[in-house]
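S.K.: Turn this into a structure:
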Amino acid sequence: MDSTTDMTESDQQANTLAQECARALWETDTTSQSLGMQLQNVTPGGCTMTMSVTDMMCNGHGTCHGGYLFALADSTFAFACNSYNQRAVAQHCSVTFVHPAFIDDALTARAHEISRAGRSGIYDIAITNQNNIMIAQFRGHSRTIKGQLV
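M.R.: Numbering: from 1, shown residues only. The predicted structure follows:
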C-alpha cells in the first residue's frame, strides 16, 4: 500500500514543507556532510540519517568514539526539530551508549517527536547498526528561535 495515497492534502503539504526545510538546512550543514552522514528521510517531527564508521572515528578501544555517535544523533535531531520551517536549536541533549559501534558499521539514526508545544520540543533518537543492534539512545530538547529556513 502506498502511504502517500492515505495522506490528506494537509499531511502531504506538511511532508513537502519538511523536505524543503531539510534541503535548505542540508545546504549549509558542512559538519554532517564532512562526517559522511546521509540524509535518508525527513517528515514533520521525524528524520532518518545514516553514517558509516571509519577508522578515523575509532578511539583507543577500537570502538567508535562517542562524540561521533552524539554528532549523528544531534544532526538527526536537528533535521527533525527544524522540519516545521521554524528555526530550532538544541536546548538540552543527553545520550546513553548501549553497545559499541566498530569500524565499517553502518549506523542508522531515527528521530521521532515526543512532544512539541509553544517554543519547546522533545525528540528521541535511536541509533542502530546494520544488524539492528541498539548502539545509543539520545533525547534532545529543542527551542525555537526567530527565523525560518525557507
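S.K.: residue contacts, the residue nearest the centre of the chain?
M.R.: Geometric centre of the chain, nearest residue: residue 76, 1.0 Å, by C-alpha atoms, centre = their mean. Residues near residue 76 by C-beta atoms under 8 Å, 6 or more residues apart in numbering: 47, 48, 49, 109, 110, 111, 125. Yep, even glycine has a C-beta here, placed from its N, CA and C like the rest.
S.K.: let's go with 7 Å and repeat that
M.R.: 47, 49, 109, 111, 125 (C-beta atoms under 7 Å, 6 or more residues apart in numbering).
S.K.: how far away is residue 12 from residue 86?
M.R.: 20 Å (C-beta to C-beta, to the nearest Å).
S.K.: Any regions of the chain where pLDDT drops low?
M.R.: 1-5 (pLDDT under 70).
S.K.: just the CA coordinates of the longest helix along it, formatted as CSV?
M.R.: Assignment by DSSP state H gives helix 9-27 as the longest helix of the chain. What follows is helix 9-27 as a C-alpha-only set of coordinates in CSV (Å, rounded to 0.1, in the frame of the first residue of the first chain):
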residue,chain,number,x,y,z
GLU,A,9,-3.7,17.1,1.5
SER,A,10,-2.6,18.8,4.7
ASP,A,11,-0.3,15.8,5.5
GLN,A,12,1.2,16.0,2.0
GLN,A,13,1.8,19.7,2.4
ALA,A,14,3.5,19.2,5.8
ASN,A,15,5.7,16.5,4.3
THR,A,16,6.6,18.7,1.4
LEU,A,17,7.5,21.6,3.8
ALA,A,18,9.6,19.2,6.0
GLN,A,19,11.6,18.1,2.9
GLU,A,20,12.1,21.7,1.7
CYS,A,21,13.3,22.6,5.2
ALA,A,22,15.7,19.7,5.1
ARG,A,23,17.1,20.7,1.8
ALA,A,24,17.7,24.2,3.0
LEU,A,25,19.4,23.1,6.2
TRP,A,26,21.5,20.5,4.4
GLU,A,27,22.9,23.0,2.0
